[in-house]
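Participant: one predicted model, sequence on top.
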Amino acid sequence: MVIKNISISDYSVELKKPFTYFTAKLKYLPYSLIRAESDSGLIGYGEASLAWDITGETQDGAKAMFKFAKPIIIDKEVNCTKDIAKIMSEINLHINANTGLKSGIEMALLDLLGKKTQKPLYQLFISKNCKKIIKAQKVLSFEEENREKIIREVEKAKKLGVKHIKIKVGQDIEKNIKLLDIINGRHPEIKLVLDVNQGWKNAEKAIPIIKRLEKYNIIWIEQPTNQSEIGELSKIRKKTNIKIMADESCHCLTDLKALHLKNSVDLINIKIAKTGGFFEALKMINYCELNGIKYMLGDMLCTDLGTAANLHLSVLGNFEAYDLTDPKRIKKSIFSGIKSNSYEFEVPQKSGLGIKKTT
């Protein structure tokens with residue numbers, strides 16, 4: 001199979017209601033859509049999740065950088081995953097960072113290869129049987145809902161068998177503690193994850209906060225400090241008893257090795273848009289398995305297209321938890337195919353990503 005054309009276009013996705021965390025409030029997802037075409041007329045699609053605060057990318061920037069990637073891809077033969085890995089390696093040589101864009105390009109090529117071989121994308125990497133249903137954790141937006149509504153959402157998720165409930169938190173620790181007091185008082189068995197999204201800045205500020213939180217059933221705290229300060233995470237781990245996860249601080253295998261060397265994390269959050277695609281994510285998974293580091297599957301908020309990619313990756317590792325976008329969050333999508341119910345998502349079984357373009 002030869003890649004005859006590949007293109008990029010703006011892919012602005014509107015959410016039904018805003019999603020808020022410490023560094024951003026999103027009503028629209030300013031993404032890019034990648035479309036790859038083979039010599040036989042097959043079409044593959046990729047969702048480039050662009051996040052200015054995490055990957056440093058914008059739609060205009062992605063289009064500008066795509067001009068450098070396109071000549072590397074056109075007329076290349078793709079008959080196996082090694083061919084795609086070779087293409088991505090060459091792109092990485094010529095283009096630094098831009099991992100959201102790279103993940104979208106890689107996704108489109110993998111979608112094409114899956115359609116060509118008539119295999120679901122995950123079967124391009126493994127042939128063994130794997131689980132077909134993934135149970136996502138509940139994620140509550142930062143200061144999006146009033147306290148009683150949050151508690152109702154927690155109770156609803158608990159009844160539906162959700163294992164982990166993630167709450168986006170900020171700098172108003174007193175407000176957070178009032179909420180935790182109610183949840184812990186009513187449901188002390190519920191396992192909570194607090195996602196700080198860098199909101200506590202550094203170890204000096206984070207340590208006393210975390211010490212106050214140790215009485216609650218918090219299984220880990222995600223990215224409490226600024227992403228560049230990985231040494232601060234190490235200080236926190238030495239002086240507190242709640243496990244620490246890195247998200248914004250851990251984009252690639254190099255970041256992971258640095259965090260491990262400094263004893264900075266118990267867990268990491270792996271997101272395709274941060275890693276630049278499946279190949280880097282799989283290297284990170286392998287490193288975690290060899291070094292006893294736990295990891296979860298992250299999500300940038302996606303349409304059915306990006307969620308399908310996440311679901312295919314979900315069966316290629318032993319993830320502790322899964323962030324997956326409920327299709328109902330998206331106001332209108334040009335892709336369909338994800339089947340979900342009560343936080344349970346079916347791993348697509350049709351060829352490629354298993355998703356179809358509707359318009």
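Facilitator: Nice, thanks for sending it over.
Participant: can you pull out the low-pLDDT segments for this structure?
Facilitator: 142-145 (pLDDT under 70).
Participant: what ranges does it have for its helices?
Facilitator: Taking DSSP state H as the test, the helices found in the chain are 59-73, 81-94, 99-117, 147-159, 173-186, 203-213, 230-239, 253-261, 272-275, 278-291, 304-314.
Participant: reformat those helices as a markdown table; add mean neighbour count and distance to residue 138.
Facilitator: Heads up, the C-betas are built off the backbone N, CA and C, glycines and all. Shown next, in a markdown table, are those (neighbours: other CB atoms under 10 Å; distance: least, CB to CB, whole Å):
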| stretch | mean neighbour count | distance to residue 138 |
| --- | --- | --- |
| helix 59-73 | 16 | 30 |
| helix 81-94 | 16 | 33 |
| helix 99-117 | 26 | 25 |
| helix 147-159 | 15 | 4 |
| helix 173-186 | 15 | 12 |
| helix 203-213 | 18 | 19 |
| helix 230-239 | 19 | 25 |
| helix 253-261 | 17 | 26 |
| helix 272-275 | 28 | 21 |
| helix 278-291 | 18 | 23 |
| helix 304-314 | 27 | 16 |
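Participant: turn those into a markdown table, including distance to residue 19.
Facilitator: Output for those, formatted as a markdown table (distance: least, CB to CB, whole Å):
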| stretch | distance to residue 19 |
| --- | --- |
| helix 59-73 | 18 |
| helix 81-94 | 29 |
| helix 99-117 | 17 |
| helix 147-159 | 14 |
| helix 173-186 | 18 |
| helix 203-213 | 24 |
| helix 230-239 | 25 |
| helix 253-261 | 25 |
| helix 272-275 | 15 |
| helix 278-291 | 23 |
| helix 304-314 | 14 |
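Participant: and stretch 46-64, how far out from the chain middle?
Facilitator: Distance of stretch 46-64 from the chain centroid (CA atoms, centre = their mean, to the nearest Å) equals 14 Å.
Participant: cool, stretch 38-49 as well?
Facilitator: The answer for stretch 38-49 is 21 Å, by CA atoms, centre = their mean.
Participant: now the end-to-end length of that stretch.
Facilitator: Using CA to CA, to the nearest Å, one end of stretch 38-49 lies 23 Å from the other.
Participant: buried residues, that stretch. List them.
Facilitator: 38, 42, 44, 45, 46, 47, 48, 49 (16 or more other CB atoms under 10 Å).
Participant: thinking again about what came up before, of all the helices of the chain, which one is nearest residue 13?
Facilitator: Ranking these by proximity to residue 13 (CB to CB) places helix 304-314 first, at 9.3 Å.
Participant: what lies in contact with that closest one?
Facilitator: 45-47, 49, 103, 107, 120-122, 134, 270, 272, 278, 281, 297, 299-300, 302, 322, 324-325, 327, 330, 333, 335-338, 345-348, 353-355 (CB atoms under 8 Å, 6 or more residues apart in numbering).
Participant: the inter-axis angle of it versus helix 278-291?
Facilitator: Relative orientation of helix 304-314 versus helix 278-291 (axes from the mean of the first three to the mean of the last three CA atoms, to 10 degrees): 30 degrees.
Participant: now helix 304-314 - C-alpha only, PDB.
Facilitator: What follows is helix 304-314, C-alpha atoms only, in PDB (Å, rounded to 0.1, in the frame of the first residue of the first chain):
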ATOM      1  CA  ASP A 304     -15.500   9.100  18.600                       C
ATOM      2  CA  LEU A 305     -12.400   9.200  16.400                       C
ATOM      3  CA  GLY A 306      -9.900  10.000  19.200                       C
ATOM      4  CA  THR A 307     -11.800   7.800  21.700                       C
ATOM      5  CA  ALA A 308     -11.500   4.900  19.400                       C
ATOM      6  CA  ALA A 309      -7.700   5.300  19.300                       C
ATOM      7  CA  ASN A 310      -7.600   5.400  23.100                       C
ATOM      8  CA  LEU A 311      -9.700   2.300  23.300                       C
ATOM      9  CA  HIS A 312      -7.300   0.400  21.000                       C
ATOM     10  CA  LEU A 313      -4.400   1.500  23.200                       C
ATOM     11  CA  SER A 314      -6.300   0.500  26.300                       C
END
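Participant: now that helix: how far from the chain's centre is it?
Facilitator: Per CA atoms, centre = their mean, the centroid offset for helix 304-314 relative to its chain is 10 Å.
Participant: same question for stretch 249-259.
Facilitator: Using CA atoms, centre = their mean, the offset of stretch 249-259 from its chain centre is 15 Å.
Participant: any chance you could list what contacts that stretch?
Facilitator: For stretch 249-259, with CB under 8 Å, 6+ apart as the criterion, the contacting residues are 55, 99, 223, 225, 227-230, 233, 246, 264-265, 268-270, 274-276, 280, 283-284, 287-288, 293.
Participant: so what's residue 29 bridging to?
Facilitator: residue 13 (DSSP bridges).
Participant: hmm, it is touching residue 10, no?
Facilitator: No - contact criterion CB atoms under 8 Å: residue 29 and residue 10 do not qualify, at 11.0 Å.
Participant: which of those two has more neighbours?
Facilitator: More crowded of residue 29 and residue 10, by other CB atoms under 10 Å: residue 29, with 23 against 13.
Participant: need the contact list for that one.
Facilitator: Going by CB under 8 Å, 6+ apart, residue 29 touches 12, 13, 14, 15, 49, 300, 301.
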